[in-house]
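In: need a structure here:
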Amino acid sequence: MQSALPAGATLLGMILSSDKTTITSLTGNCIAHPLLISLANLHMNMRSKLLTNSFVLTVLLPVLKFVQKKKCMKGVLQDCLIHQFLDLILRLLKQAAKHGIMLSDPIGRSRYCFTTLASYIVDMPEAMMLLTVGGKTSPVTMVMYMQFGDSFWHEPRTRSTTLAQLAVVCSRADPNDLEAHFCEAQKFHLNGVDKPFWSDWIFADPSYFLTPETLHHIHKEFYNHDAQWLIVSVGESEINFHFSVLQPITSFQHFHEGILKLKQVTVSVDAVPPSVLAAVCVLMQFRYLVQLPRIDENNLKLISGALDEFHVKKDMIITAGARCGQHNNSIVPSIHNSGVTSQWTADITEHITEIKDPARSSNNINYDPQICRHLNRADKCRRFELAINLLDCDQSLQDVDIDPKDNVDT
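Out: Presented below is the predicted three-dimensional model:
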């Protein structure tokens with residue numbers, strides 16, 4: 001991508017993140033849909049720390065209720081609205097990606113910058129909405145849910161493929177005729193959005209910027225898949241019994257009532273058939289390896305080997321009566337294209353400081369303007385504190401007496 005830019009140009013990789021979050025559950029059931037933005041040029045270790053404020057709130061996307069009676073049409077309207085808002089909000093970034101823009105770096109030098117979309121950190125439902133694909137379809141490859149368990153890498157869902165399908169759909173049905181357009185879109189497993197926000201963003205390809213996200217695609221997937229296979233293999237009452245009789249250990253969580261009502265757990269009991277446990281252990285090894293902070297070619301071979309071994313042993317899970325339909329084949333190509341997965345984690349973008357903390361400081365009325373005002377004032381205080389620290393540092397350097405007889409290296 002750098003080779004496609006003019007000589008001396010600076011590539012600024014934009015990282016976006018959006019996810020609906022509940023502000024209040026008992027008093028009004030208010031929901032916010034924030035869009036956060038950061039820079040891929042920042043070091044991964046610095047960007048992953050909450051105190052660095054590397055992610056900033058760009059806008060609160062609308063969460064509306066429609067008078068349309070059909071539930072599926074309400075979803076199409078909401079998806080179209082989100083894409084239209086993103087297109088409007090990110091227009092300046094798209095123009096800068098196409099024509100470039102002069103910006104100042106931290107030491108005051110002017111640089112010719114191009115803002116490309118490096119990553120969009122989202123969970124699976126929002127990823128499908130952003131890539132305009134329908135239910136039970138992979139947002140990164142051209143496969144349906146029945147093929148999720150295949151052991152080979154399918155054709156990626158590229159920018160050109162999706163836009164070509166949308167062009168065919170629009171030629172068959174007017175996008176303003178919502179129901180007819182949605183029916184035609186379903187034939188290509190699309191969700192009915194006629195113009196994705198990334199369609200005119202140069203270099204923005206869904207197969208690249210939709211990166212695997214550690215929190216949702218690695219950690220939460222364990223309970224949604226691996227733990228469920230073990231529960232089916234062992235039985236609900238049996239696995240709850242094994243966890244309830246474990247000896248409590250200080251500083252470790254003890255599950256007195258079992259694990260069936262939990263959202264995230266780790267499971268390992270002797271009652272699991274050895275063949276099923278072996279397959280799950282291999283998959284866990286794969287998940288540990290993809291979270292390495294540095295991955296080279298040898299690590300990629302180990303990751304691919306662990307995934308291949310799981311595909312060999314997964315028949316044991318199916319034989320035991322547990323469903324096996326994970327789709328992890330896209331992770332290795334994503335590491336090749338976009339780097340390690342740990343830099344795209346959603347841990348830092350779970351809206352604690354950007355949404356929930358400001359909402360708690362409000363009067364529980366008109367959340368959106370109060371959240372923005374709270375963040376604006378907090379940013380001003382942070383900048384003022386930084387300026388004071390820089391001034392104090394400069395003053396302390398001037399107060400240092402240097403003996404001219406001392407040999408000072410310059």
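
In: avg pLDDT for stretch 256-269?
Out: For stretch 256-269, mean pLDDT rounds to 54.

In: again but with stretch 51-61, I slipped
Out: Mean per-residue pLDDT for stretch 51-61: 83.

In: can you give me the end-to-end span of it?
Out: With C-alpha to C-alpha, to the nearest Å applied, stretch 51-61 spans 24 Å between its terminal residues.

In: name the residues that touch it?
Out: The contact list for stretch 51-61 (C-beta atoms under 8 Å, 6 or more residues apart in numbering) reads 15, 17-18, 32-39, 42, 46-47, 82, 85-86, 89, 348-349, 353-355, 368, 371-372, 375, 379, 382. In this view, the C-beta of every residue, glycine as well, is placed from N, C-alpha and C.

In: burial measure for His225, as a count.
Out: Counted with other C-beta atoms under 10 Å, residues neighbouring His225 total 19.

In: before we move on, what SS does it have?
Out: Here His225 is recorded as helix under DSSP: H, G, I helix; E, B strand; the rest coil.

In: which neighbours does the lengthiest strand in the chain have in its sheet, and in what orientation?
Out: Counting residues, the longest strand in the chain under DSSP state E turns out to be strand 110-121. Strand 110-121 has the following strand partners under DSSP bridges: strand 10-18 (parallel), strand 101-104 (antiparallel).

In: tell me the average confidence for the shortest one?
Out: Which is strand 101-104. For strand 101-104, mean pLDDT rounds to 91.

In: touching it from outside, list them.
Out: Contacts for strand 101-104 (C-beta under 8 Å, 6+ apart): Thr10, Leu12, Gln95, Ser110, Arg111, Tyr112, Cys113, Phe114, Thr115.

In: turn the strands paired with strand 110-121 into CSV, columns for mean neighbour count and distance to Glu221.
Out: What follows is these, written out as CSV (neighbours: other C-beta atoms under 10 Å; distance: least, C-beta to C-beta, whole Å):
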stretch, mean neighbour count, distance to Glu221
strand 10-18, 21, 19
strand 101-104, 12, 38
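
In: turn the ones you listed into JSON lines, including distance to Gln395.
Out: Output for the strands paired with strand 110-121, formatted as JSON lines (distance: least, C-beta to C-beta, whole Å):
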{"stretch": "strand 10-18", "distance to Gln395": "33"}
{"stretch": "strand 101-104", "distance to Gln395": "25"}
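
In: ok, which of the ones you listed comes nearest Thr137?
Out: Evaluated with C-beta to C-beta, these place strand 10-18 nearest to Thr137, the distance being 20.1 Å.

In: how about the closest one as CSV, C-alpha atoms only?
Out: Below are the C-alpha coordinates for strand 10-18, written out as CSV (Å, rounded to 0.1, in the frame of the first residue of the first chain):
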residue,chain,number,x,y,z
THR,A,10,3.0,9.2,5.2
LEU,A,11,0.5,6.4,5.6
LEU,A,12,-1.9,6.9,8.6
GLY,A,13,-3.8,3.7,9.3
MET,A,14,-7.3,4.4,10.8
ILE,A,15,-8.6,2.0,13.4
LEU,A,16,-12.4,2.2,14.0
SER,A,17,-14.5,0.5,16.6
SER,A,18,-18.2,0.6,17.2
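
In: that strand: what's the following helix or strand?
Out: Toward the C-terminal end, the helix or strand that comes next after strand 10-18 (DSSP states H and E) is strand 21-22.

In: elements contacting that following strand?
Out: If contacts are counted by 3 or more C-beta pairs under 8 Å, 6 or more residues apart in numbering; DSSP states H and E, strand 21-22 sits against strand 31-39.

In: so which bits of stretch 355-365 are buried?
Out: Applying a neighbour-count criterion of 16 or more other C-beta atoms under 10 Å, one finds Ile355, Pro358, Ala359, Ser362 buried in stretch 355-365.

In: list the contacts of it.
Out: By C-beta under 8 Å, 6+ apart, the residues outside stretch 355-365 that reach it are 21, 23-24, 27-28, 30, 32, 34, 57, 367, 370-371, 374-375.

In: those residues: which two are farthest apart?
Out: For these, the maximum inter-member distance is 22.6 Å, found between Thr27 and Leu57 (C-beta to C-beta).

In: the two: which has the busier surroundings?
Out: Higher neighbour count among Thr27 and Leu57: Leu57, with 20 against 8, using other C-beta under 10 Å.

In: my reading is that Asn45 lies in a strand. Confirm?
Out: No - read with three-state DSSP, Asn45 is helix and lies in no strand.

In: Cys30 versus that one, what's the distance?
Out: When distance is defined by C-beta to C-beta, to the nearest Å, Asn45 is 35 Å away from Cys30.

In: ok, those two, which is more surrounded?
Out: Shown here are Asn45 and Cys30; by other C-beta under 10 Å, Cys30 has more neighbours (16 against 11).

In: can you pull the contacts of the more buried one?
Out: The neighbourhood of Cys30, defined by C-beta under 8 Å, 6+ apart, consists of Thr22, Ile23, Thr24, Ala359, Tyr367.
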